[in-house]
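[1] Return a 3D structure for these sequence lines:
(one chain, ligands or ions: 1)
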Amino acid sequence: MGVIGDPIAHSLSPLLHNAAFDALGLDWVSVAFPVGAGSTAAALEGMRAMKIAGLSVTMPHKEQAYEAMDDTTEVARRLGAVNCVTWRDGALVGDSTDGEGFLAALRRAAGFDPGARRCLVIGAGGAARAVILALAEAGAAEVVVVNRTPARAEAAAALAGKAGRVGSGVDVVDAELVVQATPLGMTRGEGSVSDELPIDVDALHVGQVVADLVYHPRLTPLLEVATARGAVAVGGVGMLVHQGALALERWTGLVAPVEAMWAAVQARPSA
Ligand code: NAP
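    Numbers count the residues shown, from 1 in each chain. Here you go, the predicted structure:
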């Protein structure tokens, strides 16, 4: 098994999956393959030739990997992207477990069910699109998309059908769930978080759940503010663990040992 991406050296996928294989008593191993942009198809042909049972796919390969699949799930087709490839009798099957992994993490960390709830997603890239589709599929009343580039916000909001619309920072007040799905907050810059994010973080309040997909650092500037303002803060590690657990289930057909995977990640010192 493995993960392809660039950069990939700091990927936690092999750690997660190797902990799971140990817990399951499987003599399998996962490694990180540094694969540059433009080499997606070649890497996947290598997977086919070497009968690698499963690959996680991360930046910058998710869209190109989709094009190289023999078969795809409905979710992958709607997103036009895959983060999980399974070798099945010589055929490569592509799936996207990011959205389902996000919902599982949200349930675990905050007991939050998006059904009939008002949700706001900051960002319109690959991760945001997976979350927007998953929230809509889970029955969210509204999925408001706030993004730097308006055209991409429109396309992402369309994934949520009638529940989706493009919004702005002021919509944060009415949202019951706020999801931060851009790389903002990954490194602490000179400016404060309120200078960067396209929402007014001072409008966050008690009764909201605020989820940040960024997991490095574990406690992002947004989550710090959200906590200080009384909202329930959910970090990005949970989505990482659960999307990886779902991928493992696709590859092995076994129930993923989620607790062992969590423990492996928690044992890693935080940034
Ligand atoms: P992506 O496809 O490149 O999309 C990035 C998004 O962020 C776009 O909407 C982009 O806006 C926006 N953005 C980037 N820089 C910005 C800035 N300076 N100001 C405002 N908006 C900005 O990336 P992605 O794959 O969706 O990943 C987004 C984040 O989610 C990353 O930090 C990634 O590590 C994280 N992630 C976490 C998990 C997890 O398991 N926790 C899984 C996947 C991704 P434009 O449309 O205007 O360019």
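[2] in this structure, which helix or strand is least confident?
    Taking mean pLDDT, DSSP states H and E as the measure, the helix or strand of the chain with the lowest value is helix 193-196, at a mean of 61.
[3] and the residue nearest to G164 when sequence neighbours are not counted, how many neighbours?
    Leaving out its chain neighbours, the residue that sits closest to G164 by Cβ to Cβ, 6 or more residues apart in numbering is A157, at 3.8 Å. All C-beta spots, glycine's among them, are computed from the backbone N, C-alpha and C. Other residues lying near A157 total 24 when counted by other Cβ atoms under 10 Å.
[4] Next: M186.
    With other Cβ under 10 Å as criterion, M186 counts 15.
[5] part of a strand, is the residue nearest to G164?
    No - applying DSSP: H, G, I helix; E, B strand; the rest coil, one finds A157 to be helix, outside a strand.
[6] Is there proximity between stretch 145-162 and the ligand?
    Yes - applying Cβ under 6 Å from any ligand atom, one finds stretch 145-162 touching the ligand at N147, R148, T149, R152.
[7] hmm, I was thinking of stretch 219-238
    Yes - contact between stretch 219-238 and the ligand, assessed by Cβ under 6 Å from any ligand atom, occurs at G236.
[8] same thing with stretch 33-41?
    No - on the criterion Cβ under 6 Å from any ligand atom, stretch 33-41 is out of touch with the ligand, staying 12.6 Å away.
[9] what stretches of this protein score poorly on pLDDT?
    Flagging of the chain using pLDDT under 70 yields the residue ranges 187-195, 269-271.
[10] again, only this time at 90
    The chain contains residues with pLDDT under 90 at 10, 90, 185-198, 215-217, 268-271.
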